[in-house]
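*Asks:* Give the three-dimensional model of this entry:
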Amino acid sequence: QGWRLLEAYVRDVVADRDEIHGITGAIYEGLNLTIGRGEVRIPSHFYKILYDSETQEALAFLMLHEPFDFNADIDGFVVPVDQAESFTGFDFLHLVPDAVEDGKSGIIVEPEDYPSMTKAVVNLLRDDQTRWAVGGYAQRRAREQFGWDLIIRKYEEIFESLANGKCG
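*Replies:* Coordinates of the predicted model:
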């Protein structure tokens, strides 16, 4: 039921947009539950990745396959595309470079690891050379790899390969 409600929600959201691409799938984790005589496996989770080719925006949903109050819980199913990629093991947007390279264009710490975040910020504040090197590298990289023309071209390549059944 949750998946059906998500599909209806997505149809409403995308109704006034020109071109939306979607990637959907099931995840089988944990219990091996089946249904019917053919013992078709029941997924533990579903995912949906949406991409708006006009605005170059991506949105990901990751949801458990269980009953829930859709109106109250929809925000809990919206996740960063990177999180959906990590959970599924698929690199949906593999032609798009990650925004941050740890130690080169920024510092990556685990979510909610406040001591590590504090340490990283304090280290950057104390070390002018590292701060300027990381900032300069990030600025150059952003110009080279995240310009709008490049982003649009890479997304077009991704969706063309998906349309042609060459996902990978």
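*Asks:* Find the residue ranges of this structure scoring beneath the pLDDT cut-off.
*Replies:* 1-2, 53, 56, 67-75, 93-100, 145-146, 165-168 (pLDDT under 70).
*Asks:* tell me the centre residue of it?
*Replies:* Val81 (0.5 Å; CA atoms, centre = their mean).
*Asks:* Ala60 is in contact with that one, correct?
*Replies:* Yes - counting by CB atoms under 8 Å, Val81 touches Ala60, with 4.6 Å between them. (Glycine included, C-beta is placed from N, CA and C.)
*Asks:* List the contacts of the residue nearest to the centre of the chain.
*Replies:* When contacts are counted by CB atoms under 8 Å, 6 or more residues apart in numbering, Val81 touches Ile49, Ala58, Leu59, Ala60, Phe92, Leu93.
*Asks:* Dump those residues to a markdown table, plus distance to Tyr9, secondary structure and neighbour count.
*Replies:* Shown next, in a markdown table, are those (distance: CB to CB, whole Å; DSSP: H, G, I helix; E, B strand; the rest coil; neighbours: other CB atoms under 10 Å):
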| residue | distance to Tyr9 | secondary structure | neighbour count |
| --- | --- | --- | --- |
| Ile49 | 15 | strand | 22 |
| Ala58 | 17 | strand | 19 |
| Leu59 | 11 | strand | 19 |
| Ala60 | 14 | strand | 23 |
| Phe92 | 20 | coil | 20 |
| Leu93 | 22 | coil | 19 |
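*Asks:* mind putting these in TSV, distance to Glu19 included?
*Replies:* Formatted as TSV, those follow (distance: CB to CB, whole Å):
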residue	distance to Glu19
Ile49	15
Ala58	13
Leu59	14
Ala60	18
Phe92	17
Leu93	17
